[in-house]
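> Have a look at this fold, sequence not included:
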């Protein structure tokens, strides 16, 4: 079953913060985050493993709460280069299922 | 990290024809997958390409429509058969290097338009 992402779209000014959420109706053991820029392939950002750890990539970090079956992606002091569509992904068997995506636009 | 070459990068095809998309990886990889991304949508897994055996298809996708080959650990093809305008999408090859539950690397995609 596809994880659910929110919000569907975000518009920010440079330097502002944003949070993207990903939730699942099934138990999660890991959550993946990817970013896809327009016209390009998705690029891996990070994996969150069971245990609630927080990871970071540039000024982008994420948390994972397996009890709530949720993960959140935090973008702080956003830059123009952060614009794109963010997807979370969860594994069911050997198949990675992606959420519907969150379109992020950072304006000067 | 794996480097994936996918071709063609784009094509415009006529209804009823078939297109074969190639995916070449610069190293041997365990898992290869084919995804479809319809305009403005998320990525949907079509199938897992298994080396030396038939691909494993996800619900809604069938071998007659999307035949897949994987003759070795570095190469796979996806054919979109008997195309209709509804097949217009981006098709993406992806791999994991070490196995299950690992991060995916993606090819640059094939943008297919069917007239």
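Perfect, thanks for sending it. This is a predicted model, so every value here is computed, not measured. Numbering: from 1, shown residues only, chains lettered A, B, ... in the order given.
> Can you confirm whether stretch A:72-80 lies near chain B?
No - judged by CB under 8 Å from any CB of the partner chain, stretch A:72-80 makes no contact with chain B; its nearest approach is 15.2 Å. Every C-beta, even on glycine, is put in place using the N, C-alpha and C of the backbone.
> Tell me the buried residues in that stretch?
By neighbour count on 16 or more other CB atoms under 10 Å in any protein chain shown, the buried set for stretch A:72-80 is A:72-73, A:75, A:78.
> what's the answer for stretch A:86-105, then?
In stretch A:86-105, counting by 16+ other CB under 10 Å, buried: A:86-91, A:95-104.
> swap in stretch A:3-16?
A:3, A:5, A:10, A:12.
> Just the mean pLDDT for stretch A:36-55, thanks.
Over the span of stretch A:36-55, the pLDDT mean works out to 83.
> List the buried residues in it.
Going by neighbour count (16+ other CB under 10 Å), the buried part of stretch A:36-55 is A:36, A:41-42, A:44-48.
> Please apply the same query to stretch B:18-30.
Judged by neighbour count using 16+ other CB under 10 Å, the buried positions of stretch B:18-30 are B:19, B:21-23, B:25, B:29.
> Who are the contact partners of residue B:64?
Each residue near residue B:64 by CB atoms under 8 Å, 6 or more residues apart in numbering or on different chains is listed here: residue B:81.
> And the one 4 residues further on, by the same measure?
The neighbourhood of residue B:68, defined by CB under 8 Å, 6+ apart, consists of B:34, B:47, B:49, B:55, B:76-79.
> Identify the residue of chain A closest to chain B, quick one.
Nearest to chain B, among the residues of chain A, is residue A:41, at 3.9 Å (CB to the nearest CB).
> Quick check: closest non-adjacent residue to that residue.
residue B:106 (3.9 Å; CB to CB, 6 or more residues apart in numbering or on different chains).
> Against residue B:61, how distant is the one you found?
Using CB to CB, to the nearest Å, we find residue B:106 at a distance of 18 Å from residue B:61.
> higher neighbour count, these two?
Ranked by neighbour count (other CB atoms under 10 Å in any protein chain shown), residue B:106 and residue B:61 place residue B:106 first, with 22 against 16.
> which residues sit in contact with the more buried one?
Going by CB under 8 Å, 6+ apart, residue B:106 touches A:41-43, B:4, B:35, B:92-94.
> How about residue A:73?
A:19-22, A:33, A:45, A:60-62, A:86, A:88.
> Select only the buried ones of those residues in ChimeraX?
Those of the contacts of residue A:73 that count as buried under 16+ other CB under 10 Å are selected in ChimeraX with:
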select /A:20,21,22,33,45,60,61,62,86,88
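> what about the strand ranked longest in chain A, average pLDDT?
For chain A, the longest strand by residue count, based on DSSP state E, is strand A:84-92. Regarding strand A:84-92, the rounded mean pLDDT is 93.
> Is there proximity between that strand and chain B?
Yes - using CB under 8 Å from any CB, strand A:84-92 reaches chain B at A:87, A:89, A:91.
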